[in-house]
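K.L.:
Following is a predicted model, sequence given first.
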Amino acid sequence: MKEISRKELLYVIEEHKKWLLDPTTGGHADLRHADLRHADLRHANLSGADLKDADLNSADLSGANLKYANLRYANLSSANLKDANLRYADLSGANLSCANLRYANLSSANLRHANLRYADLSGANLSCANLSGADLDFSCMPLWCGDLEVNYDEKQIIQQLYHVLSHIKNSSNISEEFKELMLKQEYVDIANKFHRVGECDKL
């Protein structure tokens, strides 16, 4: 992990800004393996920057432009990514546990095998994002149109099905006819394959 001073970081960002406008000037931001814990990167334009394996624990990246950025295996635990632009960003294997991703644009982002435990994704745009293999336990997922075209895997679908059927089973505001329709044994059997069913009990 390479340490980088605030002055050096500002220089890298400034050079990257020039490079984005004209690739013959400035320099592409290479922050691989950089120690950026608690860094203030609010509204920074790091589109296409290489931040692979960087330590961004508790960094403030709210409103930052990280479109197409390489953030593979980066440590973004407890980072503030509220309103950040992460479209097409590669976040595969990244640690995003406890991260604030509220209203972040994650459309078409690669989040395969990312750690999203306890992450707040409320209001985030996950359209066409790849979440296969990602850990979603205890995360706050959005419930709006930006969550309709996500690439989930079977384990995650079973997890969501368990929650939905649990709500139906235990709600006093749902008719018996609807419960009978939705709580068919074949659906319940699938939902009971939920990986945390031992803690939550079978439906």
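P.N.:
Thanks, I have it. Numbering: from 1, shown residues only.

K.L.:
need the strands for this structure, in chain order.
P.N.:
Ranges of strands in the chain, per DSSP state E, are 2-3, 34-35.

K.L.:
helices or strands next to the helix or strand bottoming out on mean pLDDT in the chain in the packing?
P.N.:
Least confident helix or strand of the chain, by mean pLDDT, DSSP states H and E, is strand 2-3 with a mean of 90. The helices and strands touching strand 2-3, judged by 3 or more Cβ pairs under 8 Å, 6 or more residues apart in numbering; DSSP states H and E, are strand 34-35. Heads up, the C-betas are built off the backbone N, CA and C, glycines and all.

K.L.:
From Q159, how far out is K179?
P.N.:
Using Cβ to Cβ, to the nearest Å, K179 is found at 21 Å from Q159.

K.L.:
Kindly check the end-to-end length of stretch 43-59 for me.
P.N.:
12 Å (Cα to Cα, to the nearest Å).

K.L.:
quick one: contacts for L31?
P.N.:
Applying Cβ atoms under 8 Å, 6 or more residues apart in numbering, we find L31 in contact with 4, 12, 46, 49-51, 54.

K.L.:
switch to 10 Å and redo it
P.N.:
By Cβ atoms under 10 Å, 6 or more residues apart in numbering, L31 lies in contact with 2, 4, 9, 12-13, 16, 39, 41, 46, 49-54, 56, 69-71, 74.

K.L.:
for stretch 3-21, which positions count as buried?
P.N.:
4, 9, 12-13, 16, 19-20 (16 or more other Cβ atoms under 10 Å).

K.L.:
Need these in CSV (columns: distance to E199).
P.N.:
What follows is the buried residues of stretch 3-21, written out as CSV (distance: Cβ to Cβ, whole Å):
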residue, distance to E199
I4, 42
L9, 42
V12, 45
I13, 44
H16, 45
W19, 49
L20, 47
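
K.L.:
okay, who's weakest in these by pLDDT?
P.N.:
When the buried residues of stretch 3-21 are compared by pLDDT, I4 scores lowest at 93.

K.L.:
Name the nearest residue to it, ignoring sequence neighbours.
P.N.:
Leaving aside its sequence neighbours, I4 sits nearest to A34 (Cβ to Cβ, 6 or more residues apart in numbering; 5.1 Å).

K.L.:
So K179 and Q159 - more neighbours on which side?
P.N.:
Q159 (19 against 13; other Cβ atoms under 10 Å).

K.L.:
if we can go back for a sec, are any of the contacts of L31 buried, and which?
P.N.:
Among those, those classed as buried by 16+ other Cβ under 10 Å are 4, 9, 12-13, 16, 39, 41, 46, 49-54, 56, 69-71, 74.

K.L.:
Mind checking which of the contacts of L31 land in helices?
P.N.:
9, 12-13, 16 (DSSP state H).

K.L.:
Quick one: these as a markdown table, columns for distance to M141 too.
P.N.:
Putting these into a markdown table (distance: Cβ to Cβ, whole Å) gives the following:
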| residue | distance to M141 |
| --- | --- |
| L9 | 32 |
| V12 | 34 |
| I13 | 31 |
| H16 | 32 |
